[in-house]
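A.B. asks: after the sequence you'll find the predicted model.
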Amino acid sequence: MMNKNNNSKRQIIETEISMGPVHSAALEPYRVRLFVEDELVKDAEITVGVNHRGVERIMEGLPVEKANSLTEKICGICSNVHLWNSVLVAEKGLEIDVPERAEYIRLIMAELERIHSHLLYLAHGNEVLGHETFSMRLFYIRETVMGLLSMVGGNRVQYGCSVIGGVRPRCDLDEMKIQKILEGLDSIEKRVMEFADRFISDPIIMSRITGVGVLTKQDAIKLAASGPTLRATGVELDLRREMKQYDPFEFNVITQDDGDVKSNLLIRVLEIPESIKIIKQAIKDLPKGPLTNRNWEMIDTDIIKNYVEAPRGKLYHSYALEDGRIRGSVIRTPSMSNIGAMQHACIGTHITEAQLAIVQCDPCFTCTDRAIKIQYTPLSKGEK
Amino acid sequence: MEFTNILNSYVAVFGTLIVSLLICMFLPGIERKFIHARIQQRIGPPVSSPGLMAPIKFFFKESITPNSPMPEVYNKLPLIGLIVITLIFLILMPQFYFLGVFASILTIIGLLKIEEIIYIFMGSLSKSVMSMNMPFPDDVKGAKQYKQATKSFIEDISANRAFKLIAFGSIPIYLALFVPVVKSSSLLLSDIIIYQQINGPILFSFAGVIGAIVFFIGYMILLNEYPFAILKTKADVIEGPYMEYAANSRAFVVISRAFLMFTLATLFSVLFLGLPPNIFNWSFLVNIFIVILFPVLMGVFSAFSPVFTYKQFYPFVIGTSLLGVLAIIGAFF
């Protein structure tokens, strides 16, 4: 493998190929500059920002409940985890105790969403590989989990499950829903494992993904990669281990060692059964009791920060509360911290595989684009 | 009497051509609807949509000037390609065998090469705005700086790849074309057909079977179909030389591909079964069967494989070419 740590400025680069921000080969609006020599990528640059909407700016000054529902619009794939984290920020600042049943339902939704996100990733990965049949069949498997999310949340994309202090009553799980979830999970697990067997045993697919877009453990740490992209390099870091919501449940943190496309695809395949394991435990031990704690008061807070493990990695939300309104909101999606890893993974690959090297890090640029930094300055008295 | 013969010939040529053009319009639809979609457990497009309705739609679209150094030439290339494919098809008809050496394998190879070279021209003349660089140095803060690097369009890479494909990827089909030549000891299509009328179809011999397999792989490579879609796949960062085509030109692109599918399958019928296309002959039904069978088989193969990169492509082509050489050697015995 070529040395990726060469001083790139000293290299003689023959050609620059620029693609995007709008291009039919790219699903999302981003710009890639590939610096190539005889079709080998020597350096790469990814630029995002053309889909900027400034959600944080819109959130500024909104009542916290309203602003929270806005966070769900950040991502069409991991909408629930954004809402969950935003609600957690408020609950942390206002010191609200969330009923156990609500915590469990939130967690079930988060894990269902992780399964849906990973299946989408696998389907997209296969599409980029040019394997349309696998891609379509994975989308077909994903329909089951989409159905479950829709059944619990009432919607396929934005479930509106978490509210400050608990979950909405419509997201409560009765016996019928629980039965359907368990049946659906069994079906998904069986089909995903069948897919994995077929996928791993295909020599052509393996030759397409093994040793492509390699990211070493050191590089991943240096470039602040997070989530499955980091774990695919052998780093055993899963924020769920540190979240109190996950304390009652037993699950394994999946890691792979090679940091290539194969590791990235496999890690997400193997994380699906772990998510199913967590959901089944949560359903088995689902406590009885209220869904929402309404016994809390709004107070002013300083900046509150919270991290959760989103399907793509570490998700950060923070804001301050003043008169029940949001101030200085900052959101950092996992793809933001993975951009460096994406660029680095391209280096040394053939130009044909550059797109695959980017996609292996599971980018969601349109979510990332919505993040801006807002300087927080506390209001003086009487100022609105 | 002679006038009737001439009239019959004209009707046969034009009738066969028109019927073939009509049938070929359904081939992309058959491949996508009945094979890809069925295997992928989805409904798929209407069978007439990809090959027939798409060009009709394109003909009624507003034409744009493509972003190209020679837009007129660029826009005419698909039509030239269609003319070349039509010439190949015409040569396959018995009514044109009087042309002698011009109705031979060498002419077909030459015309196929022209068809391939057109693709290189398309790539080198297409400058899609989607891969355009800034008209000024990209030296914003934090941007990577390689000021000596030549800024290239994605289609340029595609053109380079098409060149490699011509030099290397099309070897299997050309090797397969020489199996009937060796068997019949003649380059002329008329002799190849006469040989098969006397000795039976070449397909039913050892060399013929291997030659047919090699021909089919070459057929897929020539059509840039998955998994050999290295030139224009969306899975790659390269979308290809078709990027800038719109309206009439885009319609000719679609028709050309469909007619190339038909023509190559007909070429197979002529060389390996000894059945030239003729609307007045029942054997034309066999031609049509082969023409439909090829996209069906191609659809099955392409549905179960990812797109090859050169890492997989080169060994595969080398293996197939060796098989082709084996078929030619087998044809001597």
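C.D. replies: Looks like it arrived, so ask away.
A.B. asks: please state the backbone phi and psi of A:Val41?
C.D. replies: phi -80, psi 120 (degrees, to the nearest 10).
A.B. asks: run through the residues of the stretch 151-300 of chain A sitting next to chain B.
C.D. replies: The stretch 151-300 of chain A comes close to chain B at residues A:204-205, A:207-208, as judged by C-beta under 8 Å from any C-beta of the partner chain. For glycine as for every other residue, the C-beta is placed from the backbone atoms N, C-alpha and C.
A.B. asks: so which of the residues you listed sit within helices?
C.D. replies: A:204-205, A:207-208 (DSSP state H).
A.B. asks: which two among these are spaced furthest apart?
C.D. replies: A:Ile205 and A:Ser207 (7.4 Å; C-beta to C-beta).
A.B. asks: the closest residue in space to B:Ile23 that isn't next to it in sequence: which element?
C.D. replies: Spatial nearest neighbour of B:Ile23, chain neighbours left out: B:Ile288 (6.3 Å); criterion: C-beta to C-beta, 6 or more residues apart in numbering or on different chains. Assessed by DSSP states H and E, B:Ile288 sits inside helix B:283-303.
A.B. asks: next structured bit after that helix?
C.D. replies: Following helix B:283-303 in sequence, per DSSP H and E, is helix B:310-331.
A.B. asks: just checking the distance from that following helix to the centre of its chain.
C.D. replies: Helix B:310-331 has its C-alpha centroid displaced from the chain centroid by 19 Å (C-alpha atoms, centre = their mean, to the nearest Å).
A.B. asks: ok, stretch B:262-279 next?
C.D. replies: Relative to the chain's own centre, stretch B:262-279 is displaced by 15 Å; criterion: C-alpha atoms, centre = their mean.
A.B. asks: count of neighbours near the residue of the stretch 1-150 of chain A found nearest chain B?
C.D. replies: Of all residues in the stretch 1-150 of chain A, A:Gly130 sits closest to chain B, at 2.8 Å by C-beta to the nearest C-beta. Per other C-beta atoms under 10 Å in any protein chain shown, the neighbour tally for A:Gly130 reads 24.
A.B. asks: for it, grab phi and psi.
C.D. replies: Torsion angles, degrees, to the nearest 10, at A:Gly130: phi 90, psi 10.
A.B. asks: which one is it nearest to, not counting chain neighbours?
C.D. replies: B:Val307 (2.8 Å).
A.B. asks: and A:Gly340, by the same measure?
C.D. replies: A:Leu223 (3.7 Å).
A.B. asks: residues contacting that neighbour?
C.D. replies: Contacts for A:Leu223 (C-beta atoms under 8 Å, 6 or more residues apart in numbering or on different chains) come out as A:215, A:340-341, A:344.
A.B. asks: run the last query once more with 7 Å
C.D. replies: Contacts here follow C-beta atoms under 7 Å, 6 or more residues apart in numbering or on different chains; on that basis A:Leu223 touches A:340-341, A:344.
A.B. asks: check what pLDDT it gets.
C.D. replies: pLDDT, A:Leu223: 92.
A.B. asks: what distance do you get for it to chain B?
C.D. replies: 15 Å (C-beta to the nearest C-beta, to the nearest Å).
A.B. asks: surely B:Pro78 meets B:Ile255?
C.D. replies: No: assessed by C-beta atoms under 7 Å, B:Pro78 is found out of contact with B:Ile255, at 8.2 Å.
A.B. asks: which neighbours do these two have in common?
C.D. replies: By C-beta under 7 Å, 6+ apart, no residue touches both B:Pro78 and B:Ile255.
A.B. asks: let me know how buried A:Met136 is, in neighbour terms.
C.D. replies: Close neighbours of A:Met136, defined as other C-beta under 10 Å, add up to 19.
A.B. asks: quick check: end-to-end length of stretch B:37-48?
C.D. replies: 14 Å (C-alpha to C-alpha, to the nearest Å).
A.B. asks: for the residue of chain B found nearest chain A, what are phi and psi?
C.D. replies: Closest to chain A within chain B is B:Val307: 2.8 Å, counting by C-beta to the nearest C-beta. Per-residue torsions, B:Val307: phi -70, psi 130 (degrees, to the nearest 10).
A.B. asks: how many other residues sit next to it?
C.D. replies: Residues within reach of B:Val307, counting by other C-beta under 10 Å, total 24.
A.B. asks: pLDDT wise, what is it at?
C.D. replies: Model confidence at B:Val307, given as pLDDT, is 85.
A.B. asks: correct me, but A:Arg114 touches A:Ser275?
C.D. replies: Yes: taking contacts as C-beta under 7 Å, A:Arg114 lies within contact range of A:Ser275: 4.9 Å.
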